[in-house]
Every structure is written in C-alpha cells, then in structure tokens.
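A.B. asks: 3D model of this:
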Amino acid sequence: GDAPGHFGLAVKDYGHSTAPNRRYPDLLTQRLLKAALDGSPTPYSKDELDVLATHCTEAEDAATKVERRVEKSAAALLLESRIGERFDSIVTGASEKGTWVRLLNIPVEGKLVDGFEGLDVGERVRVQLIDTNVELGYIDFKKVSSSKHG
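C.D. replies: Got it, this is the predicted structure:
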C-alpha cells in the first residue's frame, strides 16, 4: 500500500529499518541511501560518520543500561512481598564479583549472597529470597540446598 510518510521528519515517503530506540541511526541510513539512489554526494564525511557512529553506540549503550536497571527494579518489586520464600534456580554466573542465580519458574535473576562457595555455572540450587531493593534493583538469595545433577 501507500507509505504513510513521517510528519516529524517532513517527508512524504518513509520506511524504517530499525526499532524505535534506533531512529537516529535509521535517519542517517535513510539519508545515505537516498544520496546513493539519487547519485548525489554522501551527506556526511567519513570523519562525521565516525563521530555519529560513536555517538549512536554510546546512546544505545546508555539506553540498554537504563532498560536493564528498570527490569531489575521491576523484578525486585515483583518479589519484595515474597521475602522468605524458597525457589528452584540455576547458577548463571560465578566470579569474584559474585554468584548469580536465575529462578526456574519466574524470569528473575539475583545474587546469591550466602552459601555460594563451590557452586558451578549450570548447577541447580534451591534458594531462599532474603532481601530486595526496588530502588537499586537488587534481589538477594541464600542457598538452601544444591544438586550437581541437572
């Protein structure tokens, strides 16, 4: 059918190739494609494209960081009334920064702050929720029992 155009960009024909959070890179790509199709010079120098690419990458990284923070806070809010409950989980990360588990029946990940010694990634662990912090997006568990067998 007919392309609806884009009022904000003041163009009659408009299509997008990226998600809404990537509209500026989309606009840059559209301008480059338009120049190529028209046989016009590119609207940006290589140096300008390098600067724009860096800016877009940094903006995307910042947006991803905020998105992760919101997801963690939402998960902490979801679980804050369930402190003391026990859950089946799997170890998803183990390093000097900490040991992380993902609950099997609720799509939530948190830190194992007690009983993490000797656990390996992929190991199933029975955990108890001991604390949440919605503002910081923290979810803390302690180990109740574990099984080396998946």
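A.B. asks: make it CA atoms for all contacts and neighbour counts henceforth
C.D. replies: Will do.
A.B. asks: Just read off the phi/psi values of the residue located most distally from the centre of the chain.
C.D. replies: Using C-alpha atoms, centre = their mean, the residue of the chain lying farthest from its centre is residue 39. It sits 39.0 Å away. Main-chain torsions, residue 39, degrees, to the nearest 10: phi 70, psi 20.
A.B. asks: residues contacting it?
C.D. replies: Under the criterion of C-alpha atoms under 8 Å, 6 or more residues apart in numbering, residue 39 has no neighbours.
A.B. asks: Give me the residue ranges of the protein where confidence is low.
C.D. replies: 1-4, 6-7, 14-21, 147-150 (pLDDT under 70).
A.B. asks: what's the helix or strand for the most centrally placed residue in the chain?
C.D. replies: Residue closest to the mean C-alpha point of the chain, counted by C-alpha atoms, centre = their mean, is residue 68 at 4.5 Å. Per DSSP states H and E: residue 68 is located in helix 46-79.
A.B. asks: Let me see the ranges of the helices in the protein.
C.D. replies: Assignment of helices within the chain using DSSP state H yields the ranges 23-38, 46-79.
A.B. asks: Just give me the neighbour total for residue 72.
C.D. replies: Residues within reach of residue 72, counting by other C-alpha atoms under 10 Å, total 22.
A.B. asks: Just give the nearest non-adjacent residue to it, would you?
C.D. replies: Sequence neighbours aside, residue 137 is the residue nearest to residue 72 in space, at 4.5 Å (criterion: C-alpha to C-alpha, 6 or more residues apart in numbering).
A.B. asks: One more: residue 116?
C.D. replies: Among residues not flanking residue 116 along the chain, residue 99 sits closest, at 6.3 Å (C-alpha to C-alpha, 6+ apart).
A.B. asks: Any idea what the one you found is bridged to?
C.D. replies: residue 94, residue 112 (DSSP bridges).
A.B. asks: That one touches residue 115, doesn't it?
C.D. replies: No - counting by C-alpha atoms under 8 Å, residue 115 is not a contact partner of residue 99; they are 9.6 Å apart.
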